[in-house]
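> okay, here's the prediction I keep looking at, along with the sequence it came from:
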Amino acid sequence: MNTTDEYTRHHRPFESLLRSKGYNDRFEIISKAADFHHYGTLRETLHQFLAHMERQNLRAANISLKTYAEYRNPDDYKECQLLGNFDIEKGFVIERIFIESRYPNETQQLKLRNNHEIPGKNAVISRFRRPKPWDRQLKGDFKIRRKR
């Protein structure tokens, strides 16, 4: 087996797993050990990361993969940061996920035993209280003025 196949054989299973969980938007991958940062689609991001690993001849590195799960509109998003590592024998292994909600302003952390425990996009959204239409209105004693 040549070295390109060693690096790229883990690309498609991990990509299809994340797509089946509903993560189709933009991704950002950061690896401090490999000195790598890239932002783009899932396929492009994983491909660039694996190409960088092959060029540097690295066999393992920690990764942080960041994406978003939106609820109805872009203002109500949940930022999902998948933390784990890449090993040439095991592939991508996600150990923890940090979920940060813009509304309500909360953060949750999940520890995972394997990649199949990564929550789907809808499961991430349902972990937080749904916004009510009146939550964003100003609080206080305001009078409604009629136009005359």
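Good, I have the coordinates. Numbering: from 1, shown residues only.

> check contacts around G84.
By Cβ atoms under 8 Å, 6 or more residues apart in numbering, G84 lies in contact with 62-63, 65, 92-96. Just so you know, the C-beta spots here come from the backbone N, C-alpha and C atoms, and that holds for glycine as well.

> quick one, grab the pLDDT at the closest residue in space to it that isn't next to it in sequence.
Using Cβ to Cβ, 6 or more residues apart in numbering and skipping residues adjacent in sequence, the residue nearest G84 is I94, 3.9 Å away. I94 is assigned 95 on the pLDDT scale.

> you'd agree I94 is up against L112?
Yes: under the criterion of Cβ atoms under 8 Å, I94 makes contact with L112 at 5.7 Å.

> adjacent strands (with direction) for the longest strand seen in the chain?
Longest strand in the chain by number of residues (criterion: DSSP state E): strand 73-87. Here strand 73-87 has these sheet partners by DSSP bridges: strand 60-71 (antiparallel), strand 91-101 (antiparallel).

> doesn't R43 belong to a helix?
Yes: counting by DSSP: H, G, I helix; E, B strand; the rest coil, R43 is part of a helix.

> helix or strand with the lowest mean pLDDT in the chain?
Using mean pLDDT, DSSP states H and E, helix 3-8 stands out as the lowest-scoring helix or strand of the chain, at a mean of 72.

> hang on, the earlier thing: among the strands paired with strand 73-87, which comes closest to F14?
Of all the strands paired with strand 73-87, it is strand 91-101 that lies closest to F14, at 4.4 Å by Cβ to Cβ.

> the helix or strand following the closest one pairs with which strands?
Toward the C-terminus, strand 91-101 is succeeded by strand 106-111 as the next helix or strand (DSSP states H and E). Sheet partners assigned to strand 106-111 using DSSP bridges are listed as strand 91-101 (antiparallel).

> rewinding a little: lowest average pLDDT across the strands paired with strand 73-87?
Mean pLDDT is lowest for strand 60-71 among the strands paired with strand 73-87, at a mean of 89.
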